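**Student:** What follows is a predicted structure for the sequence shown.
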Amino acid sequence: HVQLVESGGGSVQAGGSLRLSCVASGYIVSGGSMAWFRQAPGKEREGVAGRCTYGGTVYTDSVKGRFTISKDNAKNTLYLQMNSLKPEDTAMYYCAAHYVGGSMMNPQSFDYWGQGTQVTVS
């Protein structure tokens, strides 16, 4: 049984930083590509950052230079470091695993999802 548990969200002022964590159980973080997605009220879920099995990364244009995706294999955890946060970054953030192909920024490319952690930037 795969479980992804996100944490680290919260309310911050514009320009602030947060680090999101996604702890995986029943799934080996080092063994596959993973990604972060977000969904704001009334909007579709969108890809934020993805990390390939062998270390390559991809980011949506709006977060390039501000967000960094990383893994800690020993802790079986995926991270998203978010700096210089903007109000438009406000959303529920989700961790995704078990990449099945296609664009890593497409929600349909992943089978497993966490419950999400809320990020609010004012």
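**Tutor:** Okay, I see it.
**Student:** Contacts only, for the residue nearest the centre of the chain.
**Tutor:** Nearest residue to the geometric centre of the chain (CA atoms, centre = their mean): Trp36, 2.0 Å. Trp36 sits next to 20, 22, 47-50, 69, 78, 80, 93-96 when contact means CB atoms under 8 Å, 6 or more residues apart in numbering. C-beta: built from backbone N, CA, C; applies to glycine.
**Student:** buried sites along stretch 45-52?
**Tutor:** 45, 47-51 (16 or more other CB atoms under 10 Å).
**Student:** before we move on, the earlier item: next, the residue nearest to the centre of the chain: secondary structure please.
**Tutor:** For Trp36, the secondary-structure state derived from DSSP: H, G, I helix; E, B strand; the rest coil is strand.
**Student:** give me the element the residue nearest to Asn106 when sequence neighbours are not counted is part of.
**Tutor:** Excluding its sequence neighbours, the residue lying closest to Asn106 (CB to CB, 6 or more residues apart in numbering) is Gly47, at 6.6 Å. Element membership for Gly47, per DSSP states H and E: strand 46-51.
**Student:** name the helices or strands packed onto that strand?
**Tutor:** Under the contact definition 3 or more CB pairs under 8 Å, 6 or more residues apart in numbering; DSSP states H and E, strand 46-51 sits against strand 34-39, strand 57-59, strand 67-72, strand 77-82.
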